Structure formats: structure tokens, C-alpha cells
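**Q** Dropping the sequence and predicted coords here.
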Amino acid sequence: MKLILNIKSILCVLLLTLSISSKAQLVGKAEKGTFALENARIHTVTNGTITGTVIITDDKITAVGTDVTIPRNAIRIDCSGKSIYPGFIDSGTTLGLNEIGAVSLTQDASEIGNFTPHMKALTAVNPNSVLIPVTRVSGVTTVLTVPQWNLFPGTASLIDLWGYTPEQMFANFDALVLNFPSTGRRGRWDRRSDEDIKKDAEKALKKLNDYWEKATQYANMYDKANGKVMYNPELESMRSAVQGKTKLMVNCNAKDDIIAAIKWIEKNKVDAILTGVNEGHMIADSIAASGLPVITGPVLTIPRSNGAYDAAYANAGILQKAGVKVAIRTNENENVRNLLYHAGFAAAYGMGTEEALKAITIVPAEIFGVDQEVGSIEVGKRANLFIADGDPFETKTNIIQVFINGWKIPMESRHTLLYDEFLERNPGLK
Amino acid sequence: MNKYILSIALLCMAFFMKAQDKGSVLIKNGTLITITDGIKENTDILIKDGKIKKIGKSLKAGSGTKEIDAQGQYVMPGIVDAHSHIGISAVNEATAPVTAEVWVGDAINPFDVSLYRALAGGVTVSHAMHGSANAIGGQCETLKHRYGTMDPEDMRMEDAPRTIKFALGENPMRVHGEGNNISPSTRMGVEQVFRKAFSEAREYRNQWNEYKAGKTKVAPTYNLRMETVADILDGKIIIHCHSYRADEILMLMNVCEEFGVKKLVFQHVNEGFKVAPELAAWGAGASVFSDWWAYKFEVYYSTAYNAAILTKNGVLTSINSDSGELIRHLYHEAAKSQKYGGLTDEEALKLITLNPAKQLGIDDRVGSLEEGKDGDVVIFNKHPLSIYAIPQLTIVDGIVRFDRANDQKDMRVDIDPEASIPSYMEWNAHDHDKCMQGVFETLFHEH
């Protein structure tokens, strides 16, 4: 008897050790199945707000409405007094690419060289980045992760923030990135004279045109030779963009640069998205006239030195009111979770809650051509959504549960785990 | 000729030495968030000659006093930022591990447009700090945001206690160890910088005391660096120490304990939550970011719940900006402590008002709406912890310094037509360590 007890207690200890060591992984395991989210305020984004039920079956939303039959095998989650929103989309980040700011060997967002269009962000996405759980528990389910700095830094990819390989995370959109030659200063440390800056910009524009022409010639040659061309990864990676088959993301911020970029896009008949567009509010009507969609942000940023103090807060709203299709990005890494507040500030400073909500849900989905898959709560879409206890833009609102591709995501991250461990530290003082 | 120059100089001095502007204003029917005495609905607040004279119902101002109707709006004390680098034209004297002799108060720039942007976020007082390149950096200056005045002297918060910047960890190690191949290059070395400086200063002070007592005949050589460190030992200067890791925080508390130094506030202190019981027991303050982390290795093991854990463990805690961007929405940064740890409205707002005021030793003047305190007030259209809140009016010493209804597009005091406009705003994420301003640029962009 004693022996059995001892074996039992040993087993208990063993089990305990096991459960403790399973906590040593980053976060717990996700669950998949059939979920019924009942009695919720459902902010569909595309079909108004209703009180009712959302059914998730495997990776899809299979029912939305006030009168929904709950499948017998469903795990029921009562959402009385809670709200459901589609997962938020940040249309410009370096998430997955960069880990620790000042540690260069953890920075994968920018390859050496100015002409590196063959770099693919998806290749370097680290599915196990500590930053990813920190981000997704705030309701950001999907981000565009973007190579940085160079003239053609590479291809950006849309990823869902759940998965164990980049392929599992890939959300069916990528685009070539162009940092349009800037006529502005790069920063405080940029001590070039005004004349040098102008010269450098002209040189860069000439370089851009040269590359573009080469890529166009390559694409023509490729078609004529049925793909039997010499190995040229740079030009190959630009082929579909110069032929207008995939999108080109053109980053520009200063007013004059935006104007020049639009001209360049029209001249070269590119299927483009404007990104950055910090001074877009100065020329909102001409951007609207171009018909180009805009991804603007960060919203929480200082104005250019001659700008109104709230210029960046108000920019997205001004563009949207002028008729531009506007999505919002943070351009952040470890604090992509603040996307909610970038949108919230845009909402407060003129855009309004409804439009700001669209700017991080259905509008980016449309811009990326994945609006049949994500961006709203609709039957047939992938189950990227979250439950909140209020307006998610309000700072004190808690995000209670996130689903990505139907996976019920563990609501843990380094930040919550440290809180759990240290709020009441044991031992305390002694 | 000399006489002529002298008289002009005297004239100029007379012009600049004018008394600081103080104003009077009556704010009617607002919802007052007093911080120390709860919420007062439909209440008036009278500011007379720069000071809060009366808080109550149906107050009357003398004729000629400006009246503001705050019906349906929220009136709170001006926000205090315990860590910033705005309003100064130099940040880092990164030439030695100890530079206690320098003082950012010698580099006040009243024309910095960041001051206006801070006012537009309701911030009326900021602690302009030396950078974090040195273990013992320079002395700091507490500024009142009297933007619009041209005289640097008018920006100082008169009679605010002296403060000095200390720094632990990567920054002094990188600048002096990696950069110049001298100690400190480790956290062990950083400790010894303090022990040496404190010991030498104690010796220096003793020598002077002996000389003053007539025990020695020759006066010791005057040394401003040692004078300053000795003033720290004498409790005349509050230490504000840039810090991240738990071990180094404990180290400085131990060293200070040994040398009898009691006035200590940790800045950033990302791992403060790990040693919250020790901080509380020691009586050290903590001034933290709401959610910044991962911008360098020593902040990789951070949590946005830091402010909440510290507060709930009884540590005097504030939330600071260290940034010309964040300083514009500290009310929002404070609200994050409600998402990350569920602080009450009052606890959250104390993080940006009374608590930083205490950490700067100016809580008898600012940080709450109380009769007798400075007339520093901000009026919001909605509750300041709401994302939809927009500061409408910011008042310093009874003078309206920001008015959203009358906001000029370009509020630079010194408009320089030659200045071309930087395009670095989109790289905020890479601009975190403002404490390394001056150093970082030299190390990484000019070499």
C-alpha cells in the first residue's frame, strides 16, 4: 500500500514536472474545431453591426446572424456584453523580420545593396519570434511584412500571425517594394547640403528608370524566348510587376515626392499602391484623382517640421474624405500591437471610428485583393477575428480571445507571462 | 564707444530680465479631475496671477479676467514628463564616464517646436535630461513649457530641485567600453565608476571641510565635477538613473545605501517589475515607458505590465516619454496601464501628474488641482484616458499656451527659411534611444 502511494506520488511529481516544462515553450497550444460565439455584438464591417452568433468550423466562418443553428459538436462561448471584430490588418510592418532593435544579427529587413528586388520577406519570417504573440493577443491577426531602406528592397508578404512555418502563415498576397527616391533629408544626421540632396535625388530617379527599363526589356525577352533567358534573379523578381501582373508598393512621403511618384506610376502604367504618404493631406484631391490606393502611417508620429502638430493624426481622415481608398499601417516592429491606437487617433482626429475601423480591416483586404478571404465577418471567409469587451480603439478595452484561421489562439505572450509571474513575486522581499 | 556698448548691453539685460509672465483665468463648469481630491463635476477653478486661487462653485473673477466655459469638458492638472530631451540643444557630453560638471541648463532652447507639440498634448512641465552615454552624466533641468517666451531663463522651473542623470548597462558600456576601450565595458565596471566617484567626492568634501575649519592652510583645488558629486552625497541633488536590468538596479541601490544617498529615481527601468518589492522597500522611484521594449537586448525581457506591477507593489511610479513624439500623448500612454494591469483612472492619471512631480521634487507646485499650486491646467473634450480625447487648451501659470481653436499651422518660434525638412518621421521605430542623441549619430552615421 505504502509502495503504491509512493508510486502514485512519484507519478504526481512527474506529471507536475511535465506540465511545468510544457510551460517552458513560448505560449500554450492553439485549438481548432467548431466554435459557436453566442450573443455577441458582431461588428461585421461590411454588413453593419448585429447581435447574434458566429459559427467557426475548422478554418472558416460558416454562419453569422441572429438566428443561427448551433452545431451539436460546437464549443459554445458566451459573448454576452462582448463584441466581435474581424482580425485587424497592419498594412506595413517588419514583424517576423526584425527581433531586437540594436542587435544587428537579429535584423533581417534590409539586405546590403540598393537594388535587391530578389529579396523575399517571407523567406526570413521567423514564426517563433517573441514579438508575434505579443502582437496577436491585441487583435492584430494579419500584417504585411516589408523589406526596408533600399531603392528596391525586395518583396513584401502578407502573413497571418499564427503558424509554425512561413508557408503556414502566408496570407496570399505579396508585392514588390519601391522606395521612391526622396528629395528630403533622411534624418538629423543627414548633413548633406540642399544641392547635394537634390543631385542625389535626380541620380536616384535616373537609376530607378534604368532599372525599370532593364526589367521591362527582360520581361519582353522572357516572353519571346519562352522563359529561356540567362539567370538574372533581380530582373526576374521584377518581371510580373513591370508587366502589371502583380502590385508595386511605392513608398513616398514628402509632397513633391508623392507628386513625382504618381507621375512616374502613370507614365509607366504600373499597378501601384502608394505607401507612407505622410504629406498626402496637402494634395488629397490629386491623389484621389489618380485613383491609387494609399497605405498611410504611422499615425502616431511627429509632423514634418513645418506641419501642423496634428498633421499625421489627421492625414488618413483627410485622404479618405477626399475619396482616396486608405489603409493604415504602423510601420512598427515590436509595437505593431499599437495599430489599434494609430487607427484610434486617426478616428479621433477626423476620420471617425467606422472609417478608421475599415482602414485596418476590409480596405487593406481589398487593396491586397484578399477581401474574399479576410477583412470582415462574413460566411465563407477565413476565421480571423477576435472577441473584445468594448470598443477596441479605447485603450482600456481588453481583447479576450483571438482566432486566426479558425485556431483559438492562446492569449499569452512574454508580456502576460511575466505579469503572471511577477505581480506577486514569490519569494517577495525575503 | 565702450560706454555705448555697455548701455546697450544693460538695456538688453533689462529687457530679458523681466519677470516671468503670470496670468489670470477663470475656468467655469468643468469636470475637474483633481488627482488628490477626486472628481468634481460642474466646478470652477480660478487662477490668479499664475496660481490656483480657488476651486468651487459659481466663482466670480474680477473684471477683465478671461473666462473659459468648460461645460462638458474635463479639466486636469498639466501633465508632467519626468524624462524628455526637448527644449535643449545638447544632450550628451559623451567624453568621460563621469561628467557631473556639465548641465543641460546651459543649453536651453526656448525655440524648440517640440515644446509646442508637448503643450498640444497637455504637457506643461518636462524634465530635460542629459543623455545616457556616461555612468554619471550631466545635470538636468526641469522646464516649464512657457513656449513663446524667447529667454532661456524663462523656461526654467524656478526653485525646482537639482537633478542629475546616471546611466547603467549597455549605453555607458557601448560608448566607453566598446567605443573608447576604457572602463566601463561591463556592468561590473559600471558599479566601480560610482564607487570611485562617490569615494573621491567624499574625500574632496572632507578636504574642504578641514580647510574651512582651519585644520589645513592651503585650500584644495576647486573641482566642479567633485563639487557636484559631493552635493549628491549631501542630498542636494536627486539622481535620475537610466537603467534596464534588475541586477543593475539592485546594484545602484546597494551603492547608494552604502554612501547614504537617499534620493533616487530609476528611469526606463524596464525590469523594475522583477525587483518591485526591493524598489518599494528602498523608497526608490520608477519612471517607465508604457510599452516600449525589444529595441535593444537589455529590454528584450520586458512587459507592458511594468507600470501596473510597480504600482501594485507600492513603488512610486510615473510614465515618461523620452521622445518628442510620445510626449504629445502621455495621457494615452497612461491609459495603457489600464489595459496592461487594470489600474484605476486615478492610479493611471497619477502616473503622469502627481507621481512624476514627486519624483522631480516639485509636487508642492504641480501635479494636482489644489489651491495654492501653479496654474498649470489642461482641458480635454473627453475623459483624458479615452482614445477619443483631444486636448483643447493648455494653460501654464494662468497663461493659455496652446489653444486648439486657434492653432497656427506652423508654430515654430524661429522660422528658418533655409531649413529643409527632414523626412525621418517614418522611422520612429528606429529612433527609440533618444538618450543616446548625439552619441549614436557620431558612432553610427559619421564614422
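**A** On my side now, so go ahead. It should be emphasised that the depicted structure is a prediction, and the values quoted were computed from it without experimental measurement.
**Q** need the helices for the stretch 301-430 of chain A, in chain order.
**A** Along the stretch 301-430 of chain A, counting by DSSP state H, counting those that start in this stretch, helices occupy A:311-321, A:339-346, A:353-358, A:362-367, A:414-422.
**Q** Among those helices, show me which one is buried the most.
**A** helix A:339-346 (a mean of 28; mean count of other CB atoms under 10 Å in any protein chain shown). Bear in mind the C-beta positions are built from the backbone N, C-alpha and C, glycine included.
**Q** so what secondary structure elements neighbour it?
**A** strand A:88-93, helix A:311-321, strand A:326-328, helix A:353-358 (3 or more CB pairs under 8 Å, 6 or more residues apart in numbering or on different chains; DSSP states H and E).
**Q** ok, and what's touching it?
**A** Residues from elsewhere that reach helix A:339-346, judged by CB atoms under 8 Å, 6 or more residues apart in numbering or on different chains: A:88, A:90, A:138-140, A:297-300, A:313-317, A:328-330, A:332, A:356-357, A:359-360, A:392-395, B:329, B:332, B:387-388.
**Q** burial measure for residue 230, as a count.
**A** Just so you know, I chose chain A. A:Met230 has 9 neighbours, counted by other CB atoms under 10 Å in any protein chain shown.
**Q** sorry, should have said chain B
**A** When neighbours are counted by other CB under 10 Å, B:Ala230 comes out with 23.
**Q** With the one 4 residues further on instead?
**A** B:Asp234 is surrounded by 12 other residues when neighbours are defined as other CB under 10 Å.
**Q** Next: A:Leu429.
**A** So A:Leu429, with other CB under 10 Å, has 8 neighbours.
**Q** What separation is there between it and A:Val140?
**A** Remark: distance between A:Leu429 and A:Val140 (CB to CB, to the nearest Å) = 38 Å.
**Q** and what of B:His176?
**A** Counting by CB to CB - B:His176 and A:Val140 are separated by 40 Å.
**Q** Mind checking which of those two has more residues around it?
**A** A:Val140 (27 against 24).
**Q** Next one: the more buried one from chain B, what distance?
**A** 14 Å (CB to the nearest CB, to the nearest Å).
**Q** Also A:Ala63?
**A** From A:Ala63 to chain B the distance is 31 Å (CB to the nearest CB).
**Q** tell me the SS of that residue?
**A** strand (DSSP: H, G, I helix; E, B strand; the rest coil).
**Q** Residue 98 bridge partners, please.
**A** Just so you know, I chose chain A. A:Leu95, A:Gln107 (DSSP bridges).
**Q** The intended chain is chain B.
**A** B:Ile136.
**Q** Need the pLDDT of it.
**A** What the model reports as pLDDT for B:Val98 is 97.
**Q** sorry, back to before: show me the one of the helices and strands packed on helix A:339-346 that comes nearest chain B.
**A** helix A:311-321 (7.1 Å; CB to the nearest CB).
**Q** For the closest one, list the C-alpha coordinates in CSV.
**A** Extracted C-alpha coordinates of helix A:311-321, given in CSV (Å, rounded to 0.1, in the frame of the first residue of the first chain):
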residue,chain,number,x,y,z
ALA,A,311,-1.0,66.6,-39.4
ALA,A,312,-0.1,63.0,-39.0
TYR,A,313,-3.1,62.3,-36.8
ALA,A,314,-5.4,63.9,-39.4
ASN,A,315,-3.8,62.7,-42.6
ALA,A,316,-5.7,59.4,-43.1
GLY,A,317,-9.1,61.1,-42.5
ILE,A,318,-8.3,63.9,-44.9
LEU,A,319,-7.3,61.5,-47.6
GLN,A,320,-10.4,59.3,-47.0
LYS,A,321,-12.8,62.2,-47.1
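**Q** Is there proximity between that helix and chain B?
**A** Yes. Against chain B, helix A:311-321 shows contacts by CB under 8 Å from any CB of the partner chain at A:Ala312.
**Q** Which elements pack onto that helix?
**A** helix A:284-290, strand A:294-296, strand A:326-328, helix A:339-346, helix A:353-358.
**Q** Dump those to CSV, plus distance to A:Ala365 and mean pLDDT.
**A** Below are the helices and strands packed on helix A:311-321 laid out as CSV (distance: least, CB to CB, whole Å; pLDDT from 0 to 100):
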stretch, distance to A:Ala365, mean pLDDT
helix A:284-290, 21, 98
strand A:294-296, 12, 98
strand A:326-328, 9, 98
helix A:339-346, 15, 98
helix A:353-358, 10, 98
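**Q** Right, I'll call it a day here.
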